[in-house]
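*Asks:* predicted structure and sequence below. I'll ask about it afterward.
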Amino acid sequence: MTRMDTIQRHDTGPAVEDVQQRLARLGFLPEDGIDGVYGDATAAAVRAFCGVAGLPPVGEVNEKVWSALVDASFCLGDRTLYLRMPYFHGHDVLELQQALGALGFACGALDGIFGAYTELALRKFQLNLGLPSDGIAGAYTYAAIRNLHHSWEGKEAAHDTLHLGFARAADVLEHHALCLFGTDEFTRSVASRMSNLALATNPASKIVSANSLLVAPDETMLLVHIVVPDEQEALAVPRVTFESEDTLALRLETAIEAAFRAKPLRISLELPGTVWEDAGAGRSAQHFAITLLDALCTALSRLDSDRSDA
């Protein structure tokens, strides 16, 4: 991927004007400061934006500053949002999460990232209003949210702090060796998607699927068998059911701790089936993969914290 050129003092042209327009839209630069010339006023506006965005207060626009500037420029309804990899992220996602949360549909952490919990909250909102429950924030969904603006604007969003979010768990992913596997096409797909998500989050991840494992797992690797309700285990190992999602991480933590105290080092994760709500096989597998990986990271992080406190 080609790296962008840093936009800095004395630069001129459309790229500088684009930066200035975004800064003006966000209130960091007056409208009459949009002249296509990167001078002192633009540099000061960039530094002010960096301070608000939690970035080093540089006076130039590098890739990180540009990415944050683009994210901050999106407003609710500017684009269609849905669950994908990499995740949509930006101010419009944060506004959507705040609106859904204030309307009683908690999205988990208000982080501006359109992940599994935001999609689930959106589906529940759509179902509640009689809209197609597809988890896609498009024109009809935005219109419904705007019609309810008096019910959510300026109000605190309900949020669930139970979930860590594996996108913010890079250290967990590389400190724990797990082998995920399934015994049919659907559960193997979930295992593979979990591994791919972990690697996309952190290339040093040690969470892999059996399909991608080049050598046999050793005795220090936790085996995670993904099963469906009627599937029986040949061995007596801790078995964690998917529902209820609110307590999934806590129940996983208990099961993993029990597995570490006994042999084999293995647990089972039981899915509720092969279909999530009214989604197709692919979207169902992706939802289960994201939700399970999130819960696994939360459970492992808690175990790490407990051990460091001991």
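*Replies:* Structure's in. What do you need?
*Asks:* from Leu265, how far off is the one residue sitting closest to the centre of the chain?
*Replies:* When CA atoms, centre = their mean is applied to the chain, the residue found nearest the centroid is Gly115 (3.9 Å). Gly115 sits 29 Å away from Leu265, going by CB to CB, to the nearest Å. Every residue, glycine included, has its C-beta placed from N, CA and C.
*Asks:* equivalent analysis for Val37, please.
*Replies:* In terms of CB to CB, Val37 sits 63 Å off from Leu265.
*Asks:* pick out whichever of these two has more residues nearby.
*Replies:* Remark: of Val37 and Leu265, Leu265 carries more neighbours, 20 against 16, as counted by other CB atoms under 10 Å.
*Asks:* so who does Thr141 touch?
*Replies:* Leu122, Phe125, Gln126, Leu131 (CB atoms under 8 Å, 6 or more residues apart in numbering).
*Asks:* sorry, that was for Leu127
*Replies:* So Leu127 contacts Ser133 (CB under 8 Å, 6+ apart).
*Asks:* now whatever helix or strand it lives in: buried residues?
*Replies:* If you go by DSSP states H and E, Leu127 is part of helix 116-128. Across helix 116-128, burial judged by 16 or more other CB atoms under 10 Å covers Ala116, Tyr117, Thr118, Glu119, Leu120, Ala121, Leu122, Arg123, Lys124, Phe125, Gln126.
*Asks:* so for that helix, what's the average pLDDT?
*Replies:* Throughout helix 116-128, pLDDT has a mean value of 85.
*Asks:* just the CA coordinates for that helix, please, in PDB.
*Replies:* Presented in PDB, the C-alpha positions along helix 116-128 are these (Å, rounded to 0.1, in the frame of the first residue of the first chain):
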ATOM      1  CA  ALA A 116     -20.600  -6.900  16.500                       C
ATOM      2  CA  TYR A 117     -22.300  -5.200  19.500                       C
ATOM      3  CA  THR A 118     -23.200  -2.100  17.500                       C
ATOM      4  CA  GLU A 119     -24.600  -4.300  14.700                       C
ATOM      5  CA  LEU A 120     -26.700  -6.300  17.300                       C
ATOM      6  CA  ALA A 121     -28.000  -3.100  18.900                       C
ATOM      7  CA  LEU A 122     -28.900  -1.700  15.500                       C
ATOM      8  CA  ARG A 123     -30.700  -4.900  14.500                       C
ATOM      9  CA  LYS A 124     -32.700  -4.800  17.700                       C
ATOM     10  CA  PHE A 125     -33.600  -1.100  17.100                       C
ATOM     11  CA  GLN A 126     -34.700  -1.900  13.500                       C
ATOM     12  CA  LEU A 127     -36.800  -4.800  14.700                       C
ATOM     13  CA  ASN A 128     -38.400  -2.600  17.400                       C
END
